[in-house]
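> pasting the sequence and the predicted model now:
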Amino acid sequence: MDPGELLDLLKRRTGFTQTHAAILKELGEVMAPIAPEVALAFYDYLGRDEELSSILHAVPGRVERLYGTFAAWYRELFSGTYDRAYAERRRRIGLVHARLGIGPRAMVPAMGLVQELSLEHLRSALRGLEVFSAVEAFEKILAIEVALVEESYLEALARGLLLGHRDVGEALKEGAKALLSP
Ligand code: HEM
């Protein structure tokens, strides 16, 4: 499915409206500054997992580069703009991970950590009823993020199988490689 159409569908199904987009943009004021801190905790968490740590350190300078790209991704959660270009960027992020064989079993718990750290900060930075609408908007955008990544995995897998790969892991990686190649 076209990334723009998929995003519209996900917005409908999660009940994500312009009000939620506006709340997230407002939250950017308290959330964007913690992006480097979340990135540090994130890579520390991945570094404690033997398999994921070896992927991170397979290329010199990779982790250092990822701090920046991850922090940019995190700030974008609170940009207030969730359009076709946003959906296309998320599809690409999913495909980059699929090409490396980093599947849902790594990605979904990692999203869970982002959720945990963010909710902790939201609760301490906001007061009273503000927290409820903030959490609602944040949960909806994270659900959309997870769905966009998962859909890109399915797309990669389908392409890999079509290319004749019989092993699921190979099909995922090779399909993603094919979809990412210009
Ligand atoms: C919440 C989940 C995650 C987010 C938001 C995220 C974010 C990103 C972003 C934005 C990129 C750059 C994509 C591009 O080049 O266009 C990236 C690449 C990458 N991520 Fe993740 N990531 C996540 C989970 C993981 C996990 C679980 C691993 C496991 C090791 C991982 C390892 C990598 C690696 C190795 C790259 C490629 C780096 C390179 O270009 O050499 N990521 N990630």
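The structure has been received and is ready for your questions.
> give me every residue in the protein lying close to the ligand.
46, 52, 55-56, 59, 62, 66, 69-70, 73, 92-93, 96-97, 100, 102, 106-107, 110-111, 114 (C-beta under 6 Å from any ligand atom). For glycine as for every other residue, the C-beta is placed from the backbone atoms N, C-alpha and C.
> in helices, which of the residues you listed fall?
Judged by DSSP state H, helices contain the following of the residues of the chain next to the ligand: 46, 52, 55-56, 62, 66, 69-70, 73, 92-93, 96-97, 106-107, 110-111, 114.
> quick one: the helices in the protein?
Under DSSP H, the chain gives helices at 3-14, 18-31, 35-47, 50-56, 62-76, 84-99, 104-125, 130-162, 168-180.
> from the centroid of this protein, which residue is nearest?
In the chain, the centroid-proximal residue (C-alpha atoms, centre = their mean) is residue 145; its distance is 5.1 Å.
> doesn't residue 87 make contact with that one?
No - the criterion here is C-beta atoms under 8 Å, and residue 145 misses it with residue 87 at 10.3 Å.
> and the ones in helices among the residues of the chain next to the ligand, which of them are buried?
Buried members of these, scored by 16 or more other C-beta atoms under 10 Å, are 46, 52, 55, 66, 70, 73, 93, 97, 106-107, 110-111, 114.
> make a markdown table from the residues you listed and add distance to residue 125 to it.
As requested, those are exported to a markdown table (distance: C-beta to C-beta, whole Å):
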| residue | distance to residue 125 |
| --- | --- |
| 46 | 25 |
| 52 | 29 |
| 55 | 33 |
| 66 | 25 |
| 70 | 20 |
| 73 | 20 |
| 93 | 26 |
| 97 | 30 |
| 106 | 29 |
| 107 | 27 |
| 110 | 23 |
| 111 | 21 |
| 114 | 16 |
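> where's residue 58 relative to residue 72, distance?
For residue 58, the distance to residue 72 equals 22 Å [C-beta to C-beta, to the nearest Å].
> so the two - more neighbours on which side?
residue 72 (12 against 9; other C-beta atoms under 10 Å).
> so residue 171 is in contact with residue 154, correct?
No - between residue 171 and residue 154 there is no contact, the gap being 11.1 Å when judged by C-beta under 8 Å.
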